[in-house]
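Visitor: Coordinates for the following, if possible.
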Amino acid sequence: MSVIQRCRQGISLFLICLLLCVVPLGCSQNGAQQNHTENNEEKPLIGISFDSFLIERWQRDRDVFVSTASELGAEVNVQIANGDVKEQIAQIEYFIQKDVDAIVVVAVDCYGLADIVQKAHDAGIYIISYDRLVMNANTDLYISFDNEMVGTMMAEALVANVPSGGNIVSIAGSPTDQNVAQAQKGFDAVIGQSDLHVIVQEYAPNWLAEIAYNVINKTIADGMTFDGVRCGNDDLASQAFLALSEHRLASNVCLVGQDADLAACQRIVEGTQLMTVYKPVEKLAKEAAELVVKIIRGNQPQVSSTIYDGKYYVPYEKLSPIMVTRENIDEVIIDGGFHRREQVYLNLD
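Guide: Below you'll find the predicted structure:
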């Protein structure tokens, strides 16, 4: 082989090696570009921390929220704080570390989360107060029902059905739940303009239902008579009903609650609970998921009003509750698909 041939062979080998080196580099660059595109199109990540699942409705909220968010292309991580504010703070911290796009909070303590909300905001994460307003925190959105109207409806039902000058026992929910203060405002405004008398006013920390049982028993043991019982939710009303039943007063005392729990709806058709306030949680959860995904994607939604959290005015999407009595329970609860007829009328059928 001549010198020229050897040079040509060497040049050919060099060009082949050069091509082999260049192709992987090109693939790497294309891969990086593809990954970058994929990163821009990643699913929105949403963390949601629930107070607990002790209250019947929260599992409905979870299922509808997760389903709706998934349909919109988002991924949801659900955590349960089991009524422990420290655990809820730790869960929000976890979401921050996971670099989620938004955190939805059903607050254990509406007054104990301002610092962790600020930390989330500093990390560029949206924070949404779901059903309960986180106070002094300037969350990006508060979505709930008109909780003042909930208290108004409870009071109106009692005023319309309790004898003139009658006595009322009021057992509100947790004092750390801002919804309780809003409902109390509506309740007090109506009762204050009536001739009814609230002879007992108690709260149930962490919404512990057994407190209602104890309050009713103590009121009776103290020799006080009463014509109506207002409970912050239907879980409390179930325990109040149990105490009333043990004293054979269940059919004689007007009992009101909220959430339209199945047991409460059964009592309404049986005549042992006067009314419940129904909050269409499927509508709330669906709308919340839609709004959160819009916010993440940079589409600032138009909401109905604002609410003051103690320091800031927060955008407030306010839904309307519905008073449910024996007269409209079939239409609202059964025809609306919240509970089935055979469930509601189980004890009568």
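Visitor: drop to CA atoms for contacts and neighbour counts, all remaining ones
Guide: Noted.
Visitor: and residue 269, backbone torsions?
Guide: Note on residue 269: backbone dihedrals following degrees, to the nearest 10 are phi -70, psi -20.
Visitor: For it, which non-adjacent residue is spatially closest?
Guide: Spatial nearest neighbour of residue 269, chain neighbours left out: residue 326 (5.7 Å); criterion: C-alpha to C-alpha, 6 or more residues apart in numbering.
Visitor: Which helix or strand contains the one you found?
Guide: Counting by DSSP states H and E, no helix or strand carries residue 326.
Visitor: I'd guessed it sits against residue 264; true?
Guide: No - in this structure, residue 326 is not within contact of residue 264 by C-alpha atoms under 8 Å, at 11.2 Å.
Visitor: Counting neighbours, go ahead and name the busier of those two.
Guide: Just comparing residue 326 and residue 264: by other C-alpha atoms under 10 Å the higher neighbour count belongs to residue 264, 27 against 17.
Visitor: Kindly provide the distance from the more buried one to residue 257.
Guide: According to C-alpha to C-alpha, to the nearest Å, residue 264 stands 8 Å off from residue 257.
Visitor: the strands in the stretch 101-250 of the chain, which residues?
Guide: Using DSSP state E, counting those that start in this stretch, the strands of the stretch 101-250 of the chain run over 102-105, 126-130, 141-145, 167-172, 197-203, 228-231.
Visitor: With residue 293 as the reference, name the closest of those.
Guide: Nearest of the strands of the stretch 101-250 of the chain to residue 293, taken as C-alpha to C-alpha: strand 102-105 at 8.6 Å.
Visitor: The closest residue to residue 266 other than its chain neighbours - how many residues pack around it?
Guide: Leaving aside its sequence neighbours, residue 266 sits nearest to residue 344 (C-alpha to C-alpha, 6+ apart; 4.9 Å). Look at residue 344: counted by other C-alpha under 10 Å, it has 24 neighbours.
Visitor: can you pull the contacts of residue 344?
Guide: Neighbour list for residue 344: 262-263, 265-266, 269 [criterion: C-alpha atoms under 8 Å, 6 or more residues apart in numbering].
Visitor: Go ahead and build a ChimeraX selection from the buried members of those.
Guide: Burial among those is assessed by 16 or more other C-alpha atoms under 10 Å; the matching ChimeraX selection reads:
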select :262,265,266,269
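Visitor: Just the closest of the contacts of residue 344 to residue 186, please.
Guide: For the contacts of residue 344, the closest approach to residue 186 (C-alpha to C-alpha) belongs to residue 265, at 23.0 Å.
Visitor: Can you list the helices and strands that the one helix or strand the closest one maps to packs against?
Guide: Using DSSP H and E, residue 265 sits in helix 262-270. If contacts are counted by 3 or more C-alpha pairs under 8 Å, 6 or more residues apart in numbering; DSSP states H and E, helix 262-270 sits against helix 234-246, strand 275-278, helix 341-344.
Visitor: Helix 234-246 and that one, what's the angle between them?
Guide: Counting by axes from the mean of the first three to the mean of the last three C-alpha atoms, to 10 degrees, helix 262-270 lies at 50 degrees to helix 234-246.
Visitor: Put the alpha carbons of helix 262-270 into CSV.
Guide: Extracted C-alpha coordinates of helix 262-270, given in CSV (Å, rounded to 0.1, in the frame of the first residue of the first chain):
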residue,chain,number,x,y,z
LEU,A,262,-77.5,10.4,56.0
ALA,A,263,-78.5,9.9,59.7
ALA,A,264,-79.8,13.5,59.8
CYS,A,265,-81.9,13.0,56.7
GLN,A,266,-83.3,9.8,58.2
ARG,A,267,-84.2,11.7,61.4
ILE,A,268,-85.9,14.4,59.3
VAL,A,269,-88.3,12.0,57.6
GLU,A,270,-88.8,10.3,60.9
